[in-house]
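Q: This is the structure alone, sequence omitted:
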C-alpha cells in the first residue's frame with residue numbers, strides 16, 4: 001500500500017469512529033411511556049426498525065414515576081376552601 005492510501009484509509013476510519021461516537025451520544029435512558037412503546041412496536045412491525053421503548057421499559061419507567069410521585073400531566077388538586085377562608089380571616 002502506498003503512503004497516500006494508508007493516510008486516506010486512516011482518515012476514513014477516524015471519521016467513521018467519530019461519527020459513530022456522535023450518533024451514540026443520545027439519551028441513554030429514555031423516558032418511556034405506553035404511547036412511545038406502542039409507536040416503537042408499530043414501527044418495528046411495519047419498517048423493521050423500532051425505537052428504544054419496549055412495553056417492559058415503559059412499565060418500569062411508569063413504576064418509577066409512580067413511586068416518586070411525579071406524573072406527567074398530573075391534575076393539581078384544588079386548594080381546600082376551609083384553608084382559604086381561614087387565611088382570609090387571619091389577615
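A: Okay, I see it. All values reported here derive from a predicted model rather than from experimental measurement.
Q: How about residues contacting the helix or strand hosting residue 56?
A: Assigned by DSSP states H and E, residue 56 belongs to helix 55-68. With CB atoms under 8 Å, 6 or more residues apart in numbering as the contact definition, helix 55-68 has outside contacts at 30, 31, 32, 33, 34, 36, 37, 41, 71, 72. Glycine gets a C-beta too; all of them are placed from N, C-alpha and C.
Q: repeat for stretch 42-50
A: Contacts of stretch 42-50 with the rest of the structure, by CB under 8 Å, 6+ apart, involve 40, 41, 51.
Q: Of these, select the buried ones using a ChimeraX command.
A: The following ChimeraX line selects those of the contacts of stretch 42-50 that are buried, judged by 16 or more other CB atoms under 10 Å:
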select :40,51
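Q: quick check, nearest of the contacts of stretch 42-50 to residue 3?
A: Of all the contacts of stretch 42-50, residue 3 sits closest to residue 51, with 44.8 Å by CB to CB.
Q: The residue nearest to that closest one when sequence neighbours are not counted in helix, strand or coil?
A: Counting by CB to CB, 6 or more residues apart in numbering, residue 51 lies nearest to residue 40, which is 3.6 Å off, once chain neighbours are set aside. Three-state assignment for residue 40 (DSSP: H, G, I helix; E, B strand; the rest coil): helix.
Q: and the gap between residue 40 and residue 14?
A: 33 Å (CB to CB, to the nearest Å).
Q: cool, residue 39 as well?
A: Distance from residue 39 to residue 14, counting by CB to CB: 36 Å.
Q: next one: phi and psi at residue 4?
A: Backbone geometry at residue 4, expressed as degrees, to the nearest 10, gives phi -70, psi -40.
Q: residues contacting the residue nearest to residue 51?
A: Here residue 40 is in contact with 50, 51, 52, 53, 54 (criterion: CB under 8 Å, 6+ apart).
Q: Residue 39 and residue 14: which has the busier surroundings?
A: Neighbour totals were compared for residue 39 and residue 14, and residue 39 leads with 14 against 10 (other CB atoms under 10 Å).
Q: State whether the more buried one and residue 51 are indeed in contact, as I suppose.
A: Yes: with contact defined as CB atoms under 8 Å, residue 39 counts as touching residue 51 (6.7 Å).
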